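J.: One predicted model, sequence on top.
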Amino acid sequence: MAIQFHNPLGVSAVAETAYELSISLDADSTASIGLLANGFPDSDEFLGLLEASLLKFSPGLTIHRYNKGNASIPAGDGLLASISEDCQALVTAYGH
């Protein structure tokens, strides 16, 4: 008896929309990137590993670290203003 695999992915009723916000990074990039932990356990540790990988690939990056401190609340206006002022791109992380 042969094993058959079925793709459970259905057809979406919503048309795909291209994501237009992006930043190009290469080995010579000098962008300012923010890393935002949501406050769950290990989100900071995960972003630390991501930071090391980003800097290995693009050593000229400037990395800004942020932590909401509480996963159950939205980021405050002050935090969002700091991120907007300091960063050209942001990566958020959920831990557990």
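T.: Structure received. Numbering: from 1, shown residues only.

J.: Which pLDDT does the model give the nearest residue to Y94 once chain neighbours are set aside?
T.: Spatial nearest neighbour of Y94, excluding adjacent residues (Cβ to Cβ, 6 or more residues apart in numbering): N38 at 5.4 Å. All C-beta atoms are positioned from the backbone trio N, CA, C, and that covers glycine. We have a pLDDT of 91 for N38.

J.: now Y19
T.: If you check Y19, the pLDDT there is 82.

J.: Then H96?
T.: pLDDT, H96: 64.

J.: any idea how far the nearest residue to T62 once chain neighbours are set aside is from S82?
T.: Excluding the flanking residues, the one nearest T62 by Cβ to Cβ, 6+ apart is S32, at 4.4 Å. In this view, S32 and S82 are 12 Å apart by Cβ to Cβ, to the nearest Å.

J.: Check T92 too.
T.: Taking Cβ to Cβ, one finds T92 at 14 Å from S82.

J.: same question, D28
T.: Where S82 is concerned, D28 sits at a distance of 26 Å (Cβ to Cβ).

J.: between these two, which one's more packed in?
T.: For the pair D28 and S82, the greater number of neighbours falls to S82 (15 against 8), based on other Cβ atoms under 10 Å.

J.: Could you report the pLDDT at the more buried one?
T.: Looking at S82, its pLDDT reads 97.

J.: What residues does it make contact with?
T.: S82 makes contacts with Y66, as judged by Cβ atoms under 8 Å, 6 or more residues apart in numbering.

J.: got the buried residues for the helix or strand that contains it?
T.: Taking DSSP states H and E as the definition, S82 sits inside helix 77-86. Neighbour-count burial for helix 77-86, with 16 or more other Cβ atoms under 10 Å as criterion, is recorded at I83.
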